[in-house]
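Chemist: Here is a sequence with its predicted model. Questions after.
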Amino acid sequence: DRYKSSKAYGDYRFFLDETFYNLKNNINTILEIGISYGAGILSLKDYFHNSYLWGVDIDRNTFLKDKQIVKCEWVDQLKINSLQESAKKFNVKFDLIIDDGWHHPESQMNSLIAYLPYLNFGGLYIVEDIVHKDYYTQFQKIKKVLEEKNFKVEYKKFTAEDRVDI
């Protein structure tokens, strides 16, 4: 609420709360794909207050200047080379990667290809908003490939609640 997040109230927020609570002491490096107005990265900064954060976005106006946010970098999720170049520049392994960028399968797959090699062993990679039936079908194929390579992959479907301010 502090940063006016666009995340809907409901199951997904509860999932994040529980997941982050259980990982709080194991997360030191975080990448957020899609900074937007900064609500996500600033919330992550507050919660994982001992961690370092990196962010990428296509809109340079979203970049934040903060000593804990190590670097913000321009990327176009439809151009895999821009994603790969940013990963090389960062030159770090991440404990947590959240893809909240452009919610389109091509962009999400490009990000996964570019950043998955930079995920620490045992790290967590979250892809938000796989919202269309055709997207789900494509991600099931990717899930199978990742599982064959010994990744633990889960697909969770969440519902949103209408927010009521009192």
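Modeler: On my side now, so go ahead.
Chemist: for the protein, what's the longest helix?
Modeler: Counting residues, the longest helix found in the chain (DSSP state H) is helix 133-148.
Chemist: State the mean pLDDT of that one.
Modeler: Per-residue pLDDT values across helix 133-148 average out to 82.
Chemist: Now the most centrally placed residue in the chain. Nearest residue, chain neighbours left out?
Modeler: Central residue of the chain (Cα atoms, centre = their mean): residue 98, 0.9 Å from the mean position. What sits nearest to residue 98 in space, not counting adjacent residues and going by Cβ to Cβ, 6 or more residues apart in numbering, is residue 126, at 4.7 Å. C-beta here means a position set from N, CA and C on the backbone, and glycine is covered the same way.
Chemist: Contacts for stretch 104-115 next, please.
Modeler: Outside stretch 104-115, the residues within contact range by Cβ atoms under 8 Å, 6 or more residues apart in numbering are 31, 33, 77-80, 83-84, 86-87, 94, 97, 99, 101-102, 125, 127, 130, 134-135, 138-139, 142.
Chemist: List buried residues within these.
Modeler: When neighbours are counted using 16 or more other Cβ atoms under 10 Å, these contain these buried positions: 31, 33, 77, 80, 83-84, 86-87, 94, 97, 99, 101-102, 125, 127, 130, 135, 139, 142.
Chemist: Next, count neighbours for the residue nearest to residue 98.
Modeler: Neighbouring residues of residue 126 were enumerated by other Cβ atoms under 10 Å; the total is 16.
Chemist: A strand includes it, no?
Modeler: Yes - counting by DSSP: H, G, I helix; E, B strand; the rest coil, one finds residue 126 located in a strand.
Chemist: what sits against it?
Modeler: By Cβ under 8 Å, 6+ apart, the contact list for residue 126 reads 96-99.
Chemist: Tabulate those residues in CSV, adding columns for secondary structure.
Modeler: Conversion of the contacts of residue 126 to CSV gives the following (three-state DSSP):
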residue, secondary structure
96, strand
97, strand
98, strand
99, strand
